[in-house]
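K.L.:
Build me a model from this:
(chains A and B, ligands or ions: 3)
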Amino acid sequence: MKLTLRVWRQKNADADGTMSTYEVDGISPDMSFLEMLDTLNEELILKGEDPVAFDHDCREGICGACSLVINGDAHGPERTTTCQLHMRSFRDGDTIDIEPWRAAAFPVIKDLVVDRSAFDRIIQAGGYITAPTGSAPEAHATPVPKPDADLAFEHAECIGCGACVAACPNGAAMLFTSAKVNHLNVLPQGAPERETRVLDMVAQMDEEGFGGCTLAGECATACPKGIPLMSITSMNKEWLRATRKVKR
Amino acid sequence: MARTMWDSSVGKKTVMAVSGVIMLLYLVAHVIGNLKIFFGPEEFNHYGHWLRTVGEPFMHYEWTLWLVRIVLLVAVVAHAVSAYQLSRRDIKARPSKYVHKKPRASYATRTMRWGGIILGLFIVWHVLDLTTGHVHPGGFQEGHPYENVVDTFSTWYGNVIYIVAMLAVGLHVRHGFWSAAQTLGVGSRTRDRALKTIANVLALLLTAGFIAVPVGVMTGVVS
Ligand code: HEM
Ligand code: SF4
Ligand code: FES
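P.N.:
Ligands and ions are numbered 1, 2, ... in the order given. Model (predicted):
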């Protein structure tokens, strides 16, 4: 396959960026999207040019590092992570636009790499449980009803990639935050911090400069892990419940 | 608790949802009242008079009406201020646009802001036209709403302003009702279809019901 790539290039956080055009040839439809970019970077390095910076780690769809907006879609045309997207989803001769996540709370560091530490701070605000650590407890010590376990598991699938923020017209982190809140709030292990968790995580989300939810639904469409839009509804419910319970 | 509400984006959205639902309930009552115009001046004007005497003898003349007006004013202001502040935050959170643009979200969702502004302007014009009479075409007659309505819809601009605003109401309610259910945490996977259907039916009935009046005047059914 022969492709034309238009890639966002930006030297550093303070520099202005532009879309630069590159041609790549000899791309196999079996390559992953990131392998295609590796091919481009090898050529750039041979020519003595600066390779395109992009985030990646596991390349298995589980770590949440990869983060490209491809032709206007976060993670591209398939409902998966960028690393699990394959070139067979494109056609020979296509022009592909590649941009970084766009949100005030995710500033560009270089080219296609953005700073997602705002997510870490949301997790630090309440995305944990105060359980004693050490050896694993006996599995049946704390019974969890099957529907709750399923619900928690569905939300635990969130890999913190930030595609929801990138896709949202308001740069909102509601889907991510709701996935984390619901995951822990539905489990008995998460019960002691049920109220403070949702209040603190939402407050941190606002503090980081993410936008609010207008129920446009773009986040859930982009999410590679299928976190449902209704997850936000559940978080709103938890938040309203917590404001009634906790005096501040 | 009030501070937590107003300072949080989730709380402010709750204010927007509650005030929106209050206005929505009012609109349902309003459209039912409006349709009485098809039963002639006597019934309609009598209904207008009754609105002022509701609650008597417990309430004094017009007290109930003023109570409703105050609640509505608070709702409109709370709704508009929270909408403005939340919109500001949303726009700031997404400063640079994607080079590769795609059409996003449904028409009703994308028009909430402009539609809301149109509705806000409409509310002002509407009150000045049919409540106070300041911008009313022809002689405004206190206590004769039937004749006043006929005057308004005998002008082309009266019809245009009103019909555009009522289409905006339909779109606003279509996204707004379902949206408010999510904000208030009453939506769920099993209820989603029902909520969307109710939103569509409400939007359609409100728009059709309100537009029936100018159409009635234009076609001479109401004169
Ligand atoms: C003063 C004029 C108005 C303005 C400026 C306005 C503006 C807005 C805006 C910007 C939104 C948020 C849309 C979004 O989240 O995408 C909204 C939501 C809403 N509006 Fe209005 N609107 C106005 C009048 C009305 C009226 C007359 C009604 C009554 C039917 C109404 C009912 C609603 C409802 C129920 C919501 C949903 C709240 C939520 O998303 O939780 N609005 N409005
Ligand atoms: S909710 Fe989905 S899109 Fe958002 S961070 Fe989690 S996995 Fe990524
Ligand atoms: S590189 Fe780990 S999810 Fe894509």
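K.L.:
The longest helix along chain A near chain B anywhere?
P.N.:
If you go by DSSP state H, chain A has its longest helix at helix A:230-245. Yes: on the criterion C-beta under 8 Å from any C-beta of the partner chain, helix A:230-245 is in touch with chain B at A:230, A:232-241, A:243-244. Bear in mind the C-beta positions are built from the backbone N, C-alpha and C, glycine included.
K.L.:
Is it possible to get a markdown table of those residues that adds distance to ligand 1?
P.N.:
What follows is the residues of helix A:230-245 next to chain B, written out as a markdown table (distance: C-beta to the nearest ligand atom, whole Å):
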| residue | distance to ligand 1 |
| --- | --- |
| A:230 | 15 |
| A:232 | 11 |
| A:233 | 11 |
| A:234 | 15 |
| A:235 | 14 |
| A:236 | 9 |
| A:237 | 13 |
| A:238 | 16 |
| A:239 | 13 |
| A:240 | 12 |
| A:241 | 17 |
| A:243 | 16 |
| A:244 | 18 |
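K.L.:
Would you enumerate the residues in contact with residue A:79?
P.N.:
Applying C-beta atoms under 8 Å, 6 or more residues apart in numbering or on different chains to residue A:79 gives the contacts A:221, A:223, A:224, A:226.
K.L.:
Filter these down to just the ones in helices.
P.N.:
Of the contacts of residue A:79, the ones assigned to helices by DSSP H are residue A:221.
K.L.:
what about dumping the CA coordinates of stretch A:129-148 to CSV?
P.N.:
Taking C-alpha atoms only, stretch A:129-148 is exported to CSV below (Å, rounded to 0.1, in the frame of the first residue of the first chain):
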residue,chain,number,x,y,z
ILE,A,129,-9.7,1.7,48.1
THR,A,130,-8.3,1.8,51.6
ALA,A,131,-7.8,-1.9,52.0
PRO,A,132,-5.0,-3.5,53.9
THR,A,133,-2.4,-4.6,51.4
GLY,A,134,-0.2,-7.7,51.7
SER,A,135,-1.2,-11.3,50.8
ALA,A,136,-4.3,-11.7,48.8
PRO,A,137,-7.4,-12.2,51.0
GLU,A,138,-9.5,-15.4,50.7
ALA,A,139,-11.6,-15.0,47.6
HIS,A,140,-14.9,-15.7,49.3
ALA,A,141,-14.3,-13.6,52.4
THR,A,142,-16.3,-10.7,50.9
PRO,A,143,-19.3,-12.0,48.8
VAL,A,144,-20.1,-9.8,45.8
PRO,A,145,-23.4,-10.4,44.0
LYS,A,146,-22.9,-11.5,40.4
PRO,A,147,-24.7,-8.4,38.8
ASP,A,148,-22.5,-6.1,40.8
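K.L.:
Let me know how buried residue A:102 is, in neighbour terms.
P.N.:
22 (other C-beta atoms under 10 Å in any protein chain shown).
K.L.:
Then the one 3 residues further on?
P.N.:
Residues lying near residue A:105 (other C-beta under 10 Å) number 26.
K.L.:
wait, it sits on residue B:93?
P.N.:
Yes: counting by C-beta atoms under 8 Å, residue A:105 does reach residue B:93; the two are 6.7 Å apart.
K.L.:
show me what contacts residue 66?
P.N.:
By default, I'm working from chain A. A:34, A:54, A:55, A:56, A:57, A:59, A:75, A:81, A:82, A:83, A:161.
K.L.:
residues in contact with the helix or strand hosting residue B:114?
P.N.:
Assessed by DSSP states H and E, residue B:114 sits inside helix B:112-126. Residues from elsewhere that reach helix B:112-126 (C-beta under 8 Å, 6+ apart): A:214, B:76, B:80, B:83, B:87, B:135, B:161-162, B:164-165, B:168-169, B:171-172, B:175-176.
K.L.:
Sitting in strands, which of these do you find?
P.N.:
Residues of the contacts of helix B:112-126 located in strands (DSSP state E): none.
K.L.:
Report the two of the residues you listed separated the most.
P.N.:
Spatially, the most separated pair among the contacts of helix B:112-126 is A:214 and B:135, at 33.1 Å (C-beta to C-beta).
K.L.:
how's chain A carved up into domains?
P.N.:
When chain A is parsed with automatic domain parsing, its domains come out as A:3-110, A:116-245.
K.L.:
and the ones you listed as CSV, adding mean pLDDT?
P.N.:
As requested, the domains of chain A are exported to CSV (pLDDT from 0 to 100):
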stretch, mean pLDDT
domain A:3-110, 97
domain A:116-245, 95
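K.L.:
Quick one: those as CSV, columns for distance to residue B:10 too.
P.N.:
What follows is these, written out as CSV (distance: least, C-beta to C-beta, whole Å):
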stretch, distance to residue B:10
domain A:3-110, 16
domain A:116-245, 5
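K.L.:
Residues of chain A that sit close to ligand 1?
P.N.:
Residues of chain A lying close to ligand 1 (C-beta under 6 Å from any ligand atom) are residue A:214.
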